[in-house]
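*Asks:* below are the sequence and a predicted model for it; my questions follow.
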Amino acid sequence: MTIAQAAIVADNALAYPSPEVRLSVEQRLIIGLMFAIGVLSHFNRIIMSIAGPTIMTEFSLSPTQMGSVYTAFLVSYMTLMAPSGFFADRVSPRFGLSVVGFGAAILGTATALAGIPGLGTILGVFPALLCIRLCLGMTAAPLYPVCGRVTAIWVPKEKHARVQGLLVAAAGLGGGVAPIAFSWTIARFGWRTSFCLAGLVTGSISACWWYYLGGVRRRARVRQLAASQPKSMPWTVLLRDRDIILLAASYLSVGYFEFLFFYWTYYYFGTVRQMGDRASATYTTVLFLAFLVMSPIGGWATDLLASKYGTRTARRAVPIFCLTLSAACLFCGTNLKAALPTVAILSFAMGLAGASEASYWSSAIDIGRGQVGSACGILNTGGNIGGLVAPVLTPFVAARFGWDWSLYGGCAILLLGVLTWFFIEPLSGTATDLLSSSEAISA
């Protein structure tokens with residue numbers, strides 16, 4: 001049996017699955033805790049920017065210094081993204097996600113002690129904040145690789161996409177709640193107490209994960225070892241895997257497109273389209289809400305289509321359809337004049353991009369085989385490279401050719417990501433494993 005034949009067998013086997021697989025209470029609790037840690041991880045990433053102006057005023061930090069504090073997180077996070085996948089494959093999911101949760105809790109609390117008196121007295125306020133944010137990026141890096149591995153171990157394959165869509169929505173929820181909730185606590189309790197409260201909540205949820213997975217891990221020991229034991233090949237073999245590299249390249253275009261929205265929609269609405277500060281804030285929030293709502297819907301749609309037409313067809317069809325329509329919506333929204341129609345169609349564009357995410361992550365799980373964490377780390381690296389370029393390239397193009405062309409460029413880059421899907425085999429890992437099994441049986 002060839003790899004291509006094995007892939008067809010795998011796809012046909014998944015096209016007509018057994019009756020609806022129901023998640024057990026145990027599985028639902030694992031997914032819920034994983035989702036909660038994802039929300040809090042993103043919450044703790046954002047809150048420094050909310051407290052930043054207050055801290056700058058209190059300790060006379062310059063905008064450049066505070067910008068360096070913000071950037072410190074991204075530097076360590078992106079540097080360790082691919083290695084964090086290797087880490088996720090070599091430790092238990094219980095330990096891996098605890099590093100993310102307890103790391104955010106401890107470092108969030110440490111931020112409250114970074115002033116004077118506190119660590120700032122010893123190191124200086126700026127160096128103390130810089131070190132804390134660097135460490136936070138290090139502990140946050142394994143989040144998605146570990147979550148991918150948890151999904152591979154404990155979630156039925158028929159529900160991989162919807163669970164991954166839910167985890168993507170955690171980023172939108174954490175980022176969306178942070179400005180409102182943290183600014184409220186700062187106004188009432190001050191920034192130090194606010195960081196301590198965030199650390200307390202994050203630490204409590206992380207403790208629940210550690211406690212509960214202790215029992216689940218014992219009951220699922222055989223299953224975990226069978227599903228997650230890394231292959232004998234080194235993880236760097238994935239760097240030569242055509243499908244995971246193409247998947248990461250396609251995800252780079254999605255990262256570029258989404259971060260274009262994340263960083264520049266408020267400015268675009270307020271300054272370029274002159275909608276006013278208050279309206280711009282409201283409209284930007286609507287875009288984030290669209291991303292939050294449509295990310296899990298995309299995962300659900302992917303699994304539903306997989307049950308009818310096969311996993312390969314569903315994994316390709318959803319991102320190709322959603323991203324093509326998303327690019328078309330951005331193009332049309334750029335040329336609309338009225339505010340409400342513009343916001344509506346751009347929100348749809350943002351939501352459709354979010355709806356495509358589950359196909360990427362669930363495909364990385366399949367392609368990664370026994371190296372799920374490493375595959376997810378490579379995928380996340382691609383997305384964040386796009387996210388790193390978008391905030392810089394967008395205004396660069398706008399300054400030379402106008403904002404319309406900078407947004408058209410985002411459409412073009414997204415369509416390149418769509419084209420890449422025609423060359424990706426989203427079940428390559430499954431196909432290879434089936435081939436090995438069939439050869440072993442025939443032998």
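*Replies:* Now that the structure is in, tell me what you want to look at.

*Asks:* can you give me the helices for the stretch 151-300 of the chain?
*Replies:* Assigned by DSSP state H, counting those that start in this stretch, the stretch 151-300 of the chain shows helices spanning 160-189, 191-219, 221-228, 242-267, 277-309.

*Asks:* out of the ones you listed, which one sits most buried?
*Replies:* With neighbours taken as mean count of other CB atoms under 10 Å, these reach their highest mean count in helix 242-267, at a mean of 23. C-beta coordinates here come from the backbone N, C-alpha and C atoms, glycine included.

*Asks:* my guess is residue 193 contacts residue 187. True?
*Replies:* No - contact criterion CB atoms under 8 Å: residue 193 and residue 187 do not qualify, at 11.3 Å.

*Asks:* about what we covered before: just put the helices of the stretch 151-300 of the chain in JSON lines and tack on distance to residue 408 and mean pLDDT.
*Replies:* What follows is the helices of the stretch 151-300 of the chain, written out as JSON lines (distance: least, CB to CB, whole Å; pLDDT from 0 to 100):
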{"stretch": "helix 160-189", "distance to residue 408": "25", "mean pLDDT": "88"}
{"stretch": "helix 191-219", "distance to residue 408": "40", "mean pLDDT": "86"}
{"stretch": "helix 221-228", "distance to residue 408": "44", "mean pLDDT": "48"}
{"stretch": "helix 242-267", "distance to residue 408": "11", "mean pLDDT": "89"}
{"stretch": "helix 277-309", "distance to residue 408": "18", "mean pLDDT": "87"}
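
*Asks:* out of these, the one nearest residue 424 is which?
*Replies:* Residue 424 lies closest, by CB to CB, to one member of these: helix 242-267, at 4.9 Å.

*Asks:* residue 196 contacts residue 110, doesn't it?
*Replies:* No - look at residue 196 against residue 110 with CB under 8 Å: they stay out of range, at 10.0 Å.

*Asks:* pLDDT below threshold where in the stretch 1-150 of the chain?
*Replies:* Within the stretch 1-150 of the chain, the segments meeting pLDDT under 70 span 1-20, 115-118, 120-121.

*Asks:* how about 90 then?
*Replies:* In the predicted model, the stretch 1-150 of the chain carries pLDDT under 90 at residues 1-27, 45-75, 78-79, 81-83, 85-86, 88-94, 108, 111-128, 130, 149-150.

*Asks:* what about the helices in it?
*Replies:* Secondary structure of the stretch 1-150 of the chain by DSSP H, counting those that start in this stretch: the helices cover 3-15, 25-59, 63-79, 81-90, 93-112, 119-123, 125-140, 143-154.

*Asks:* now do the third one against helix 125-140, angle only.
*Replies:* Spelled out, that is helix 63-79. Direction vectors for helix 63-79 and helix 125-140, defined by axes from the mean of the first three to the mean of the last three CA atoms, to 10 degrees, enclose an angle of 20 degrees.

*Asks:* for helix 63-79, C-alpha coordinates in PDB please.
*Replies:* Provided in PDB are the C-alpha atoms of helix 63-79 (Å, rounded to 0.1, in the frame of the first residue of the first chain):
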ATOM      1  CA  PRO A  63       7.800  55.500  26.200                       C
ATOM      2  CA  THR A  64      10.800  53.800  24.700                       C
ATOM      3  CA  GLN A  65      11.600  52.000  28.000                       C
ATOM      4  CA  MET A  66       8.000  50.800  28.300                       C
ATOM      5  CA  GLY A  67       8.000  49.800  24.700                       C
ATOM      6  CA  SER A  68      11.000  47.600  25.400                       C
ATOM      7  CA  VAL A  69       9.200  46.000  28.300                       C
ATOM      8  CA  TYR A  70       6.300  45.200  26.000                       C
ATOM      9  CA  THR A  71       8.600  43.800  23.400                       C
ATOM     10  CA  ALA A  72      10.600  41.700  25.900                       C
ATOM     11  CA  PHE A  73       7.700  39.200  26.000                       C
ATOM     12  CA  LEU A  74       7.600  38.800  22.300                       C
ATOM     13  CA  VAL A  75      11.300  38.300  22.000                       C
ATOM     14  CA  SER A  76      11.400  35.300  24.400                       C
ATOM     15  CA  TYR A  77       8.000  34.000  23.300                       C
ATOM     16  CA  MET A  78       9.000  33.800  19.600                       C
ATOM     17  CA  THR A  79      12.600  32.700  20.200                       C
END
